[in-house]
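Asker: compute the structure for the input listed below.
(chains A and B)
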Amino acid sequence: MLTLTVFAPLGVAALLLALPRASGRAVRTVWVATCAVELALVSAQWVSYDGSGIGHETDRPWIPGAGAGYHVGVDGLSLPLLALTAVVFLACSLHTPAGQRGLRRFAALFLALETTCLGLFAALDLILFFLFFDLSIVGMYFVIAGWGHGARAARSALTFFLYTFVGSLALLLGFIGLYAAATPHTFDITELTADPPLEGGGAAGPLVLLAIALGLAVKTPTVPFHTWLPPAHTDAPAAGSAVLAAVLLKMGTYGFVRIALPVLPQAWRTYALVFVVVGVVSALYGALVALAQTDFKRMVAYTSVNHMGYVLLALGAAGLVAGSDAQARSVAVTGAVVQMVSHGLITAALFLLAGILWERGGTYRMDAYGGLAARAPRFAALTALAAFASLGLPGLSGFVAEFQIFAGSLGSAPVPTAVALLGVLVTAGLFLWALQRLFLGPAGDRSAGVSDLRGAQWWSVAPLLGLSVAVGVAPRWLLDTVVPAARTTVELVSR
Amino acid sequence: MSGAHTDPLALTPELLLLLGAVAALLTGSFLPRARQWPARAVAALALAGSLTAAALQATGAERTVYAGTYALDGATHAARLIAPAAALAVLALSVERVRGDRREAEFSVLVLLGTLGSVVLAGASDLLVLAVAYLLASFPLYALAGWGRDARGAEAALKLYLLGTLLGITLLLGACVLYGLGGATDYAALAHALPSAPAAALAAGTVAVLGGLLFKVGAVPAHFWVPDAAAGASVPAAAFLTTVPKIGGFVALYRLLTAVPDAVADWRLPVAVLAVATMTLGNLAAFTQRDPLRLLGYSTVSQAGYLLMAVAVAGRPGSLRALLFYLAAYALTNLGAFAVAAALPGRTTLRSYAGAGRRHPWLTGALVVCLLGLVGTPPTAVFLGKLTVFAVSWDGGMAWLAVVAALNTVASLFYYLRWIAPAVGVSPGGDGGRGGDEGGDGDSGDRGDGGLGGTRPRRWAAGTALATAAGTLLLGAGAGAVLALLPAAVTR
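Answerer: Reported below is the predicted structural model:
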């Protein structure tokens, strides 16, 4: 059933491509329906998951000669991200109007992308993971290059492709290193986790970790590998940005939790402080650069760097075993996973809202707008809610995530955590300032064109924020799944 | 192995190729000039027959025949299947180009003879057979390069001929030296005798033989003919020249080097350095090309570099399997890219591919699959080829080589994208692809397209492109089954 869930969108994509005469309305209906069915399938698997170990597992030999298998399954780390993927893709399908240019291919591309994202989060084999990782890059390249706006879309797409492809090759090298070190040679993540290779010390462990971390850090992205992110986001279409920020970035952080921590525990513990520092620098740098932006979409893009920095801080702190108790470290990892989900929901909403701003006003420049609160109250309300969620207001998902990250990291890395807290302050300031420039004060020269949200657009954004509120108010349903898995990860990394 | 094998049926696949060449030549001479397609049909039949015979023989025991001079092992079987299959694809993609030409039949004959040379090169387990196979694999290629009878074809043929003759002489010289050192020409006896040979002489002899084989595979420092042949020869000939000789050449390299003791003359590091030089030079030179065929020419040079990685760890576990799988994947993917170029003869620069995605969506899809395949994007066959080759070099103690190859792969992405980007309707720094993606939903039929308008893609070539692109995806998906069939070691 998991296999069906992963590959069904790809099948529908092929079907759409085979029907050149389908009308825009029909294409959109099929697209939305597929995404809704996907969400139902993922939800069904979450409900039927029994809460421990790996569920819905399929393990078939694929390329036994090369040690790779078709091994998929779900656990408390992957289920929330699978659900996030299904939710975000549904929101994107709702957000895209039937009149979208090249809608049939756009829908097919997004459905294919959904397969790669679901497949990556379900993969329990390094080669399968890499396959989906690479294909997601190819898919996103075509989204940005084909449907991006702005004169530099093609160049941004190329930058994105080159950066993340370099990262993916570093990742592949790291995987081959793990494969060569394991006896018997295998790419299977569960086998590598059960019996981690490269535990004997020596230079190989740190080098393999370096390669893997490099690949994942480019995708996450962390400073200094983040430079592809702002142009890619600025030039991508709204739905593309939403998927890129909400789901594709999570591939990097998910890779850390799924592969780097459990498979290279010794190297991770040794170099945990490096990841803590990189996380803190990303968080602060992302926040400060976001503060300096005049372009709304670019600003949101840089806050992604900030939020992903917190995730890395928490994961690094989970590796600082000395002088901290396992309880605190598992709180940090839980916070990291919740942050992935929370950031996915909020940023997807913010990028979709930015897309609406572009569609109505033709620019992302914040000083071209003003006084939108009176003109478009529903748009203003949703944007404000998303901004508050992003800056970590209690009662919203960002708070649950960041509180756990800081609470869990404080014990093992007190100084970095204290420094990272400054990032929250800056983020709060920049979002409030952005809200003020967009919604209050006198109307700007582009404000006149901005009308309020209508039907499908409301329904594409509001549920994302509704989920964010749900996580913020009643996080138990999410935490009950995440906490056991986080505890297992902490045990694995501290062996 | 016993030297008494003189089983004439053992060489049925090779004999079928030879008979096919003779039959095609005769058929061609008796047919009117305007209707020579039966000659091509004869050639295709011979290739199909050779493939069938090879498949039937592939289950037999691994052995050598004719006094140990010719190996019938998994590597030969694989070459017997890959080379004729590639030749069949070349014949298919050549249909429109050679139809009605004065030398239509000769094209098929030369393709058959070149394929035969490549197969014998792969099977040769004796220095003298290797030398004969080298000549047999080279002479048809000289003629094939100049087959188009234009100035650029003549230049390609001349370059190929001069380099081929020069390096053929060094190969013979090296064979003499190795014979002098080992007192025998068959690899089994050489492997037995060479460990006691003086290191300097052994190194000199090995290098001289390698020179000839590096020419066959188009690797540095004998790669100069590749870009000229790719861009100067007619497209089908270029597809053949850059694909089929590599199959025999790499198997021959592998077979020869496993017979040379690396403890006496350490050939692993030099081969690894050559691999690095080949892939790097091929990639760097491809950067600035404007002609897609020349770009493909340099791309085949860089691919030869990745293939040499498997040769650098020859004899170590998994290396032969990785080499043969990569060869099959490369042949399929490279032919696919050439087939697209053959299908769209009007588009001679990268820029002229603009709008191809709108007019020929399927063909452009095949191009994207093949080019991304050459980069090594999963799930295409070359990705798994690269994966296995990287893994065996890492496993064989050359992790640094895998790192360099990965860096080169990144570099290669750049120039493949220079071709993909205009084809799918985006050009870096251009109009952002707005125009390029419109209207692709409808039937893109016969709208005018800047002079290229009326030209429909050539059907046979386009069919070959689609088939090879599908094949590269299938081979990627079925890699497990294929890898399991491939042999672990060569037989002497």
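
Asker: what is the neighbour count of the closest residue in space to A:Leu113 that isn't next to it in sequence?
Answerer: Of all residues not flanking A:Leu113 in the chain, A:Gly139 sits nearest, at 4.3 Å (CB to CB, 6 or more residues apart in numbering or on different chains). Heads up, the C-betas are built off the backbone N, CA and C, glycines and all. Neighbour count of A:Gly139, defined by other CB atoms under 10 Å in any protein chain shown: 21.

Asker: pretty sure A:Gly139 is in a helix, no?
Answerer: Yes. Residue state for A:Gly139 (DSSP: H, G, I helix; E, B strand; the rest coil) corresponds to a helix.

Asker: wait, it touches A:Thr116, no?
Answerer: Yes. Between A:Gly139 and A:Thr116 there is a contact under CB atoms under 8 Å: 6.1 Å.

Asker: residue of the stretch 51-200 of chain A nearest chain B, please.
Answerer: Nearest to chain B, among the residues of the stretch 51-200 of chain A, is A:Gly65, at 3.2 Å (CB to the nearest CB).

Asker: the helices in the stretch 301-450 of chain A, which residues?
Answerer: Taking DSSP state H, counting those that start in this stretch as the criterion, the stretch 301-450 of chain A carries its helices at A:326-361, A:372-375, A:377-391, A:397-410, A:414-439.

Asker: any idea of the mean pLDDT for the fourth one?
Answerer: Pointing back at helix A:397-410 there. The average pLDDT for helix A:397-410 rounds to 94.

Asker: just the element for the closest residue to the residue of the stretch 51-200 of chain A closest to chain B other than its chain neighbours, please.
Answerer: With CB to CB, 6+ apart as the criterion, A:Gly65 has its nearest non-adjacent residue at 3.2 Å, and that residue is B:Leu483. Using DSSP states H and E, B:Leu483 sits in helix B:479-485.

Asker: which strands and helices sit next to that helix?
Answerer: Secondary-structure packing of helix B:479-485 (3 or more CB pairs under 8 Å, 6 or more residues apart in numbering or on different chains; DSSP states H and E): strand A:55-63, helix B:319-343, helix B:381-395.

Asker: so in the chain, where's the weakest helix or strand by average pLDDT?
Answerer: With no chain named, the answer covers chain A. Using mean pLDDT, DSSP states H and E, the weakest-scoring helix or strand in chain A turns out to be helix A:372-375, at a mean of 87.

Asker: nope, chain B please
Answerer: For chain B, counting by mean pLDDT, DSSP H and E, that's helix B:434-437 with a mean of 34.

Asker: quick one: name the residues of the stretch 151-300 of chain A near chain B.
Answerer: Applying CB under 8 Å from any CB of the partner chain, we find that the stretch 151-300 of chain A lies next to chain B at A:151-155, A:157-158, A:161-162, A:165-166, A:169-170, A:172-173, A:176-177, A:179-180, A:185, A:235.

Asker: circling back: B:Thr388 is in contact with the residue nearest to A:Gly65, correct?
Answerer: Yes. Applying CB under 8 Å, one finds B:Leu483 in contact with B:Thr388, separated by 7.2 Å.

Asker: just the pLDDT for A:Gly319.
Answerer: pLDDT for A:Gly319: 91.

Asker: count the residues that sit near the residue nearest to A:Gly65.
Answerer: Around B:Leu483 there are 19 other residues, counting by other CB under 10 Å.

Asker: who's in contact with it?
Answerer: By CB atoms under 8 Å, 6 or more residues apart in numbering or on different chains, B:Leu483 lies in contact with A:Ile63, A:Pro64, A:Gly65, A:Ala66, B:Arg321, B:Phe325, B:Leu384, B:Thr388.

Asker: what about the first one, neighbour count?
Answerer: By the other CB under 10 Å criterion, the neighbourhood of A:Ile63 contains 25 residues.

Asker: repeat that for the third one.
Answerer: Close neighbours of A:Gly65, defined as other CB under 10 Å, add up to 20.

Asker: and it, what pLDDT?
Answerer: pLDDT for A:Gly65: 79.

Asker: doesn't B:Arg321 make contact with it?
Answerer: Yes. Using CB under 8 Å, A:Gly65 is in contact with B:Arg321, at 6.5 Å.

Asker: from the stretch 1-150 of chain B, which residue is nearest to chain A?
Answerer: Among the residues of the stretch 1-150 of chain B, B:Gly74 lies closest to chain A, at 13.1 Å counting by CB to the nearest CB.

Asker: please apply the same query to chain B.
Answerer: Closest approach between chain B and chain A, counting by CB to the nearest CB: B:Leu483, at 3.2 Å.

Asker: how close does that residue get to B:Val119?
Answerer: Using CB to CB, to the nearest Å, B:Leu483 is found at 22 Å from B:Val119.

Asker: any idea how far A:Pro80 is from the residue most central in space within chain A?
Answerer: Nearest residue to the geometric centre of chain A (CA atoms, centre = their mean): A:Lys250, 2.9 Å. A:Lys250 sits 10 Å away from A:Pro80, going by CB to CB.

Asker: repeat for A:Val257
Answerer: 11 Å.

Asker: show me whatever sits in contact with both of the two.
Answerer: A:Val337.

Asker: grab the nearest non-local neighbour of residue 125.
Answerer: Going with chain A. Nearest in space to A:Asp125, with sequence neighbours left out and distances taken as CB to CB, 6+ apart, is A:His71 at 4.3 Å.

Asker: was after chain B, sorry
Answerer: B:Ala71 (4.1 Å).

Asker: where does that neighbour land in three-state SS?
Answerer: With three-state DSSP as the criterion, B:Ala71 reads strand.

Asker: tell me the pLDDT at A:Pro197?
Answerer: Model confidence at A:Pro197, given as pLDDT, is 89.

Asker: and for B:Ser427?
Answerer: pLDDT for B:Ser427: 48.

Asker: hang on, the earlier thing: quick one: the residue nearest to the centre of chain A and A:Leu81 touch, right?
Answerer: Yes. Counting by CB under 8 Å, A:Leu81 is a contact partner of A:Lys250 at 5.8 Å.

Asker: identify the contacts common to these two.
Answerer: A:Met340, A:Gly344.

Asker: which residues does the residue nearest to B:Ser125 contact?
Answerer: If you count contacts by CB under 8 Å, 6+ apart, then B:Ala71 has B:Glu62, B:Arg63, B:Thr64, B:Gly123, B:Ala124, B:Ser125, B:Arg255, B:Val490, B:Thr491, B:Arg492 around it.

Asker: list the contacts for B:Ala145?
Answerer: So B:Ala145 contacts B:Gly153, B:Ala156, B:Ala157, B:Leu160, B:Ala229, B:Gly232, B:Ala233, B:Ala237, B:Leu241 (CB under 8 Å, 6+ apart).

Asker: what helix or strand does the closest residue to it other than its chain neighbours sit in?
Answerer: Among residues not flanking B:Ala145 along the chain, B:Ala157 sits closest, at 4.0 Å (CB to CB, 6+ apart). Assessed by DSSP H and E, B:Ala157 sits inside helix B:151-182.
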